[in-house]
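Chemist: I'll drop the sequence and a predicted model, then ask my questions.
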Amino acid sequence: MTTALLVIDVQNDFCRGGALEVPDGDAVVPRINAMLADYPVRAFTQDWHPERHSSFASEHPGHQPLEVIEMGYGPQVLWPDHCVQGTHGAAFHPDLRTDPADLILRKGFRREIDSYSAFFENDHATPTGLEGYLRTRGVTSVVCAGLATDFCVRWSALDAARLGFEVAVALDACRGLDADGSLAAALDAMRQAGVALQT
Ligand code: VGL
Ligand code: ZN
């Protein structure tokens with residue numbers, strides 16, 4: 001059994017002082033750094049939006065960040081502008097060890113659709129290509145870590161489970177936004193899907 005470590009969105013905008021700060025987000029960095037040596041496959045993701053991305057509240061006059069609107073592909077939470085391609089906010093946290101990454105996968109790069117999951121865009125159908133990468137490397141099991149537990153980690157873990165990978169989430173190497181009960185809902189959904197929540 002080959003296990004991949006998936007390091008989700010450990011970027012400046014999700015860390016201290018960032019545009020979409022996750023409380024205590026920086027705490028995941030030393031934990032993830034310490035985990036890297038334990039996995040033969042390491043894939044990192046970067047939330048990577050063009051300017052004026054449709055998930056930005058600033059693109060929807062009359063709406064505020066954290067409001068939910070209906071998009072063609074389903075409900076979408078609106079966010080402050082974040083992780084704009086090439087900006088400091090989109091860069092990895094400076095203390096994250098990125099040299100050990102085998103693959104850096106970018107997602108959310110299409111203006112019309114968001115992509116929380118490392119595997120599919122938010123229509124839950126358009127692949128990012130990560131599944132093919134992992135399968136062709138012989139991966140059957142994944143461990144997820146990073147930001148945020150209740151959005152990109154959640155959907156990455158659920159999609160991995162749906163695709164038939166054995167999935168664990170290293171909770172102490174994750175932090176959540178917890179917008180409106182979203183953290184408890186995420187933990188429930190992951191548990192129900194058979195994801196092992198490691199504490
Ligand atoms: C994320 C909200 C918007 C995440 C990304 O990485 O969890 N959350 N974009
Ligand atoms: Zn985003």
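Modeler: Perfect, thanks for sending it. Ligands and ions are numbered 1, 2, ... in the order given.
Chemist: which strand or helix spans Ile104?
Modeler: strand 103-107 (DSSP states H and E).
Chemist: can you pull out the helices in this structure?
Modeler: Assigned by DSSP state H, the chain shows helices spanning 28-35, 130-136, 154-162, 182-192.
Chemist: make JSON lines out of the ones you listed and add distance to ligand 1.
Modeler: Every residue, glycine included, has its C-beta placed from N, CA and C. Supplementary listing: the helices of the chain in JSON lines, determined by distance: least, CB to the nearest ligand atom, whole Å:
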{"stretch": "helix 28-35", "distance to ligand 1": "12"}
{"stretch": "helix 130-136", "distance to ligand 1": "15"}
{"stretch": "helix 154-162", "distance to ligand 1": "8"}
{"stretch": "helix 182-192", "distance to ligand 1": "10"}
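Chemist: against Phe14, how distant is Arg31?
Modeler: Distance, Arg31 to Phe14, by CB to CB, to the nearest Å: 15 Å.
Chemist: and these two? Which one has more around it.
Modeler: Phe14 (28 against 13; other CB atoms under 10 Å).
Chemist: wait, that one sits on Asp24?
Modeler: No: at 11.0 Å, Phe14 and Asp24 do not qualify as touching, with contact defined as CB atoms under 8 Å.
Chemist: one step back: the strand holding Ile104 packs against which elements?
Modeler: Helices and strands touching strand 103-107, by 3 or more CB pairs under 8 Å, 6 or more residues apart in numbering; DSSP states H and E, are strand 41-47, helix 130-136.
Chemist: again, only using 7 Å
Modeler: Packing partners of strand 103-107 (3 or more CB pairs under 7 Å, 6 or more residues apart in numbering; DSSP states H and E): strand 41-47.
Chemist: and ligand 1, is the strand it packs on touching that?
Modeler: Yes: for strand 41-47, a contact with ligand 1 is found by CB under 6 Å from any ligand atom, at Asp47.
Chemist: mind listing what Arg154 touches?
Modeler: Ala186, Ala189, Met190 (CB atoms under 7 Å, 6 or more residues apart in numbering).
Chemist: now, which of those residues sits nearest Leu163?
Modeler: Met190 (14.6 Å; CB to CB).
Chemist: for the protein, what lies in contact range of ligand 1?
Modeler: Near ligand 1, when you scan the chain using CB under 6 Å from any ligand atom, you find Asp9, Phe14, Asp47, Trp79, Tyr116, Leu147, Ala148, Phe151, Cys152.
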